[in-house]
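S.K.: model this:
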Amino acid sequence: MIPPTYHNFCDTFHAGVRPRYACRGFTLLFAVLTSSLLMVIGFSVFRLTLKEAQLTTAVKDSQSAFYAADVGIECALYWDFQTVRSAFDPTDTTTRTIECLGVSFPPITGNGGPTQSFTLNLTTANYCVEILIAKQSSPTRLTTLRSRGFSVCDPSHPRRVERAIDVTYTN
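M.R.: As a prediction, the model looks like this:
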């Protein structure tokens, strides 16, 4: 019995070429394919990480804007209920000074009429809030508060997020 002869894969296809150089380009081809595959995987992981970072930033900005709107509502509710007479009463013509988070607003004076709107802008180092207070004294005593919180104070910022909270009640 004749022992089986070992045949090199490259020898079969490259007859007449010395076996030592028959498959010389295969290693280079394998290295290029492997590095290309690893580069595509690395690029995909990078893109996924970048999208996750953008999503995380958007969620943080949205949360900041909501908290800013909540601060505005709490400030307006505090000054509306802090005394027997609301600081925003349209029938009261006395001048009142309002302060929230250490920020003083310009003095507010009622117009003596049945309805009046006040707009307060609260700007701190971290966020901005715009508070709209609409009071109606007749025929029904109705108060509408709208607080708009912004994650960034610059209106031209490309990723500025706005969240609003509306509260309406009779008193």
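S.K.: for the chain, which spans come out with low pLDDT?
M.R.: Low-confidence segments of the chain (pLDDT under 70): 1-24, 83-84, 107, 109-115, 117, 119, 125.
S.K.: separation between Val152 and Phe30?
M.R.: 51 Å (Cβ to Cβ, to the nearest Å). To be clear about C-beta, it is placed using only N, CA and C from the backbone, and glycine gets the same treatment.
S.K.: what does Phe46 give?
M.R.: In this view, Phe46 and Phe30 are 25 Å apart by Cβ to Cβ.
S.K.: One more: Ile131?
M.R.: Ile131 is 67 Å from Phe30, by Cβ to Cβ.
S.K.: Which stretches in this protein count as strands?
M.R.: When secondary structure is read from DSSP state E, the chain shows strands at 95-96, 99-100, 103-104, 108-109, 115-123, 128-136, 142-150, 162-170.
S.K.: which residues sit in contact with the nearest residue to Thr123 once chain neighbours are set aside?
M.R.: The shortest distance from Thr123 to any non-neighbouring residue, by Cβ to Cβ, 6 or more residues apart in numbering, is to Cys153 (5.8 Å). By Cβ atoms under 8 Å, 6 or more residues apart in numbering, the contact set of Cys153 is Thr123, Tyr127, Cys128.
S.K.: how about those residues in TSV, adding distance to Gln54 and neighbour count?
M.R.: Below are these laid out as TSV (distance: Cβ to Cβ, whole Å; neighbours: other Cβ atoms under 10 Å):
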residue	distance to Gln54	neighbour count
Thr123	26	14
Tyr127	20	20
Cys128	22	21
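S.K.: Would you map the helices across the protein?
M.R.: Remark: helices assigned in the chain by DSSP state H are 9-13, 24-81.
S.K.: roughly how far apart are Ser35 and Gly42?
M.R.: 10 Å.
S.K.: Then Ala87?
M.R.: Taking Cβ to Cβ, one finds Ala87 at 60 Å from Gly42.
S.K.: picking that back up, with distance to Asp92 as new columns, can the helices of the chain be given to me in a markdown table?
M.R.: Putting the helices of the chain into a markdown table (distance: least, Cβ to Cβ, whole Å) gives the following:
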| stretch | distance to Asp92 |
| --- | --- |
| helix 9-13 | 97 |
| helix 24-81 | 12 |
